[in-house]
Each structure stands twice: as C-alpha cells, then as structure tokens.
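Asker: Any chance you can model this:
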Amino acid sequence: MQKYIDGYYFMDKEKSELPIQYLSFPSNLCFVSTTQNSNVKIGQEKIIITPCKKNKIVTDLVVRYSKPFEILFQKPANEITIKFKPLGINRFVSNVSDYFVSGHYMDFQPFDDLNLEMQSIFGIANRDEQIVRLESYWLSKFKNVKLDRLESIITDIESEQSIAEISKKHQISRQYLSRICLKNLGKSPSEYRKVFKFRRALEDFKKVNNLTELSYESLFYDQSHFIKDFKSLTNINPSLFFKKIDSNKEFVWLFL
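Answerer: Next up, the predicted model:
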C-alpha cells in the first residue's frame, strides 16, 4: 500500500480538545476523509464539521485547492483520513475523474459497502487493528491499472523541464497534456508543479540557512518568484509562515 498511500491520520473524539480549527495548505495528495455521526459542509475554502445525533457516516474527497483550507470542528469527532499519493486512488476507484471535476466531492461513495465497512472500522478500539482492517478493505478494491505513461509525465513535471519540453518529449500537445492531468490528477501540470515546489520547500527548509538558499533548492527561478508563489498558496509571507508552523511535524497545519 505504501506505493499508493502516503499515510493516514485518525481523530478520536474522546482524546481531542476544543477548539479544533486549523489551516490546511495545498497539496498534490488526494484526501479521502470519513467522519462518524457528523455533518460535513464544504464551502469556499472552508470545511465545517458539526455533530449529528443520527448514526451517520460521511465520506468526502478533496483533491484540488489552491488556497489554504480552513478546517473547523465545532465539536471533536471520530474521523479517518487516507492520504493517497498522486495517481494512488486511480488504482482503486473506477472513473475517478468523475469525482475530480470540482476539486472536492461530498458523499464520496465509490463502493456500495464503504459506509458499512467504515462504521465497522470505527468500532474497533485498537488503532493497529483499525489500520490493518482499513488497508485490507482498500486492497480488496485494488485494480491492476497501467499508468506508466502518466507516472513518467509526473516525474517530468517534478523536474526542471518546461511544460513545452514535456509535451514534446511525450509527443502530445500542451492542451492534451493539461487535459489528461486534469482527468487523472485533478489539476493542470502548472498547478501540480507549483504545489510540488511549495511542498518541496517545506521539506528543504529543515536543511537550509535562509530563504534565498531555500528558493534555489526548491527549483524556483529566484527569491521574488519563490515569495510570490508561496504567498499565493498560503496567503502568508514565507518568513512569517515558517515562524508560525513547525515544518518538522508530519502535518504542516496552522492552528487558529
């Protein structure tokens, strides 16, 4: 599963404290979140989770956002989120592009038994056993889909090659390249690259001395380009951003 899934995170309402409100920043991962006994509303750059007295399971998918998303839990809830790597979910869900149209999808039900299985997983007390059951369930949905060409394209997008050079290499037009990326990744090549460089900067920050060095390490043309792109994805100047967050943590969230 490591080839397709970057990881999981679990929220336990019995172990959480209020307030739970934070900013999540753009990523090239695909997030599938299942919440128990809650209502989930996805609005303009905001997700609000409110308690529900009914026995209810809600699963949502988020694959594309270019600004920070505010996550607000009005009360702690039980939630399981799977972080799929680029093209990861494509190995499990047929016609995944149907869910990528708006960048997020409420009531994500790619399988008829998803809600029933997730309710059962929430009922398991041991975290390791939950993970085993979760992985076993998704492995049962695995499809041996050949995506070698798309994987090669992603590798090229993550390099210093221009979009025009990538199109020429794969003998396709830039328009077709954009179309297949939107269909399979939920974002255009330029969007993917912009987020990739941003996420790389978060990793590189741990080993550089200043923002000038960071901008070159992370494949930006210069520091001004780095600052411009960084602010467009975070709404915060990079120097202030790195003072507010802990880049050593697995999840780079800014709690409000």
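Asker: now the helices: where do they sit in the stretch 101-250 of the chain?
Answerer: Secondary structure of the stretch 101-250 of the chain (DSSP state H, counting those that start in this stretch): helices located at 114-122, 127-139, 148-157, 163-169, 174-185, 189-204, 211-217, 223-234, 238-244.
Asker: Any stretches of the stretch 101-250 of the chain with poor pLDDT?
Answerer: Along the stretch 101-250 of the chain, segments meeting pLDDT under 70 span 209, 216-222, 247-248, 250.
Asker: still on that earlier bit, out of the helices of the stretch 101-250 of the chain, indicate the one that is most buried.
Answerer: Per-stretch averages of neighbours, counted by mean count of other CB atoms under 10 Å, single out helix 189-204 among those, with a mean of 19. The way it works is simple: take the backbone N, C-alpha and C, and place the C-beta from them, glycine included.
Asker: Next, the distance between the ends of stretch 92-99.
Answerer: 13 Å (CA to CA, to the nearest Å).
Asker: What are the buried residues along it?
Answerer: Residues 92, 93, 96, 99 are the ones in stretch 92-99 that count as buried (16 or more other CB atoms under 10 Å).
Asker: Hmm, the last one is touching residue 61, no?
Answerer: Yes - with contact defined as CB atoms under 8 Å, residue 99 counts as touching residue 61 (5.6 Å).
Asker: Now the common contact residues for these two.
Answerer: Residues within reach of residue 99 and of residue 61 at once, by CB atoms under 8 Å, 6 or more residues apart in numbering, are 105, 108.
Asker: All the strands of the stretch 1-150 of the chain, in order from the start?
Answerer: Here the stretch 1-150 of the chain has its strands, by DSSP state E, counting those that start in this stretch, at 5-11, 20-24, 30-36, 38-43, 46-51, 57-62, 69-73, 78-84, 104-105.
Asker: Which one of those strands lies nearest to residue 245?
Answerer: Among those, the nearest to residue 245 by CB to CB is strand 20-24 (9.2 Å).
Asker: List the neighbouring strands of that closest one plus their orientation.
Answerer: According to DSSP bridges, strand 20-24 forms sheet pairs with strand 69-73 (antiparallel), strand 253-255 (antiparallel).
Asker: what's the shortest one in contact with?
Answerer: Contact partners of strand 253-255, identified using CB under 8 Å, 6+ apart, comprise 21, 22, 23, 24, 25, 68, 244, 245.
Asker: Return the closest of those with respect to residue 213.
Answerer: The closest of the contacts of strand 253-255, once distances to residue 213 are taken by CB to CB, is residue 245, at 18.8 Å.
Asker: So which of the strands of the stretch 1-150 of the chain is the most surrounded?
Answerer: Comparing the strands of the stretch 1-150 of the chain by mean neighbour count (mean count of other CB under 10 Å), strand 30-36 ranks first with a mean of 23.
Asker: which one is the residue nearest to the spatial centre of the chain nearest to, not counting chain neighbours?
Answerer: With distances taken as CA atoms, centre = their mean, residue 29 lies nearest the centre of the chain, 3.3 Å away. Nearest residue to residue 29, sequence neighbours excluded (CB to CB, 6 or more residues apart in numbering): residue 83, at 4.8 Å.
Asker: from memory that neighbour sits against residue 33, does it?
Answerer: No - here residue 83 lies out of contact with residue 33, judged by CB under 8 Å, at a distance of 9.8 Å.
Asker: and for the two, which residues touch both?
Answerer: With CB under 8 Å, 6+ apart, residue 83 and residue 33 have no common neighbours.
Asker: ok so, going back, doesn't residue 82 make contact with the residue nearest to the centre of the chain?
Answerer: No - counting by CB under 8 Å, residue 29 stays clear of residue 82, with 9.5 Å between them.
Asker: If I look at the residue nearest to the centre of the chain, what pLDDT would I see?
Answerer: For residue 29, the pLDDT comes out at 95.
Asker: residues contacting it?
Answerer: By CB under 8 Å, 6+ apart, residue 29 lies in contact with 6, 83, 84, 85, 86.
Asker: list the contacts for the third one?
Answerer: Okay, so that is residue 84. Counting by CB under 8 Å, 6+ apart, residue 84 makes contact with 4, 5, 6, 29, 30, 31, 32.
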